[in-house]
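# Okay, sequence plus prediction incoming.
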Amino acid sequence: MNVTRLCDQTWSALLDERDGKPSQWPAFADVAAGELYRPLARRTGRPMVIAQVGQSLDGRVATLNGDARDLSGRDGFNHLHRIRALVDAVVVGVGCVLADDPRLTVRNVSGPNPVRVAIDPNGRIPLGLKLLNDQSRTIIVQADDIAPRHDVETITLSRNAAGLLEPADILASLVARDLTSILIEGGATTIEHFLCHGLLDRLHVCISPIIVGSGLPGLSLPPIKALSQALRPRVTTYNLGSDILFDCDFRAGATPGLNAVAASGVAAE
Ligand SMILES: NC(=O)c1ccc[n+]([C@@H]2O[C@H](COP(=O)([O-])OP(=O)(O)OC[C@H]3O[C@@H](n4cnc5c(N)ncnc54)[C@H](OP(=O)(O)O)[C@@H]3O)[C@@H](O)[C@H]2O)c1
């Protein structure tokens, strides 16, 4: 199990790498920190999509009434804020926005705020929420069959036969705006859409040592008949301190089951 210590010099080198500045990777830098964060900091010319989910030992991401605020431990939150600082954009679903009223900014570490993107096909995000009321850039993705909103930058997309916005169309719209490194932060429904369509390069599952008992589940995908069809990405584990991180790499060799899941798509909500 890897342990990630991040000194200031290593973090500065990662931010320089993110910005395409010549950087000196510290000789003493923790190897695990490099393995974990350098793939997120590098800009390779092709889009990089990572999803992160913070869950309990019993696989819950929030209580039944949607409280997810302190689910991850301090080091889990620091990790999430590091990812936010390294990517160009952070994407959430409207369920997360309505439940948490998140800011999605970088506060626990130094670094730039990502562009905040909320998928809100039906225009449910009201005025007054934090995303619409601070200086950081926010984009709302909505369906083209509802009244356009004028209080925020929007992307309008048509719905597919299931009534959903195609995750690939969402990504293409972001890439067209030069947002090529993207964190899908949740909730689980939003992550599932990207995972089912085979669009995730990485998935970070950050496990906090608490048992919620009952609550909103983590990822749910279309049913499979046999475990041979299960997704088996290459996984590296990291001991973050308060939380254990499973870094799932879907691009390292073949991922059994991914094609089958992608072909089955995701059920309409
Ligand atoms: N532990 C964690 O890591 C974590 C992280 C984030 C959130 N949370 C918790 O998770 C809960 C919310 O999660 P959730 O799964 O219910 O909701 P969610 O994923 O935040 O939002 C789902 C909604 O977003 C819209 N949406 C997302 N992708 C879409 C697509 N491709 N096409 C069309 N619409 C799309 C739909 O809106 P419509 O319903 O309008 O169609 C959908 O119902 C909250 O309680 C929050 O606190 C936990």
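Yes, it's here.

# I'd like to know if stretch 237-252 reaches the ligand anywhere along the stretch.
No. Stretch 237-252 is not in contact with the ligand by Cβ under 6 Å from any ligand atom; minimum separation 11.1 Å. No exception for glycine: its C-beta is placed from N, CA and C like everyone else's.

# how about the lengthiest helix in the chain: buried residues?
Ranked by residue count, the top helix of the chain under DSSP state H comes out as helix 74-86. Burial within helix 74-86, assessed by neighbour count using 16 or more other Cβ atoms under 10 Å, is assigned to 75-86.

# likewise stretch 109-128?
Those would be 109, 111-121, 125, for stretch 109-128 by 16+ other Cβ under 10 Å.

# between those residues, which is closest to S220?
S220 lies nearest to I119 out of the buried residues of stretch 109-128, by Cβ to Cβ, at 17.6 Å.

# quick one: the helices in the stretch 1-150 of the chain?
With helices called from DSSP state H, counting those that start in this stretch, the stretch 1-150 of the chain shows them at 8-18, 31-41, 74-86, 94-100.

# so how many other residues sit close to the closest residue to the ligand within the stretch 101-250 of the chain?
For the stretch 101-250 of the chain, the residue closest to the ligand is G187, as judged by Cβ to the nearest ligand atom, at 2.0 Å. For G187, the count of nearby residues is 23 (other Cβ atoms under 10 Å).

# swap in R177?
By other Cβ under 10 Å, 15 other residues sit near R177.

# Which stretches in the stretch 51-200 of the chain count as strands?
Along the stretch 51-200 of the chain, counting by DSSP state E, counting those that start in this stretch, strands occupy 60-62, 89-93, 115-119, 138-143, 153-157, 181-186.

# Save these as a markdown table, and put in mean pLDDT too.
As requested, the strands of the stretch 51-200 of the chain are exported to a markdown table (pLDDT from 0 to 100):
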| stretch | mean pLDDT |
| --- | --- |
| strand 60-62 | 96 |
| strand 89-93 | 98 |
| strand 115-119 | 98 |
| strand 138-143 | 98 |
| strand 153-157 | 97 |
| strand 181-186 | 96 |
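
# To D19, which of the ones you listed lies closest?
Taking these one by one with Cβ to Cβ, strand 181-186 is closest: 11.5 Å.

# between that closest one and helix 74-86, how many degrees?
140 degrees (axes from the mean of the first three to the mean of the last three Cα atoms, to 10 degrees).

# Mind listing residues that contact strand 181-186?
With Cβ atoms under 8 Å, 6 or more residues apart in numbering as the test, strand 181-186 has contacts from 18, 40, 43, 47-53, 61, 80, 83-84, 86-93, 96, 104, 114, 171, 174, 190-191, 194, 200.

# of those residues, buried ones?
18, 40, 47-53, 61, 80, 83-84, 86-93, 96, 104, 114, 171, 174, 190-191, 194, 200.

# Mind listing residues that contact the longest helix of the chain?
The list of residues contacting helix 74-86 from outside it, by Cβ under 8 Å, 6+ apart, reads 6, 11, 14-15, 18, 37, 40-41, 50, 52, 54, 72, 90, 104-114, 181, 183, 185, 204, 206, 208, 240-243, 245.

# and if you look at stretch 5-25?
26, 28-30, 33-34, 37-38, 41-43, 82, 85-86, 109-111, 181.
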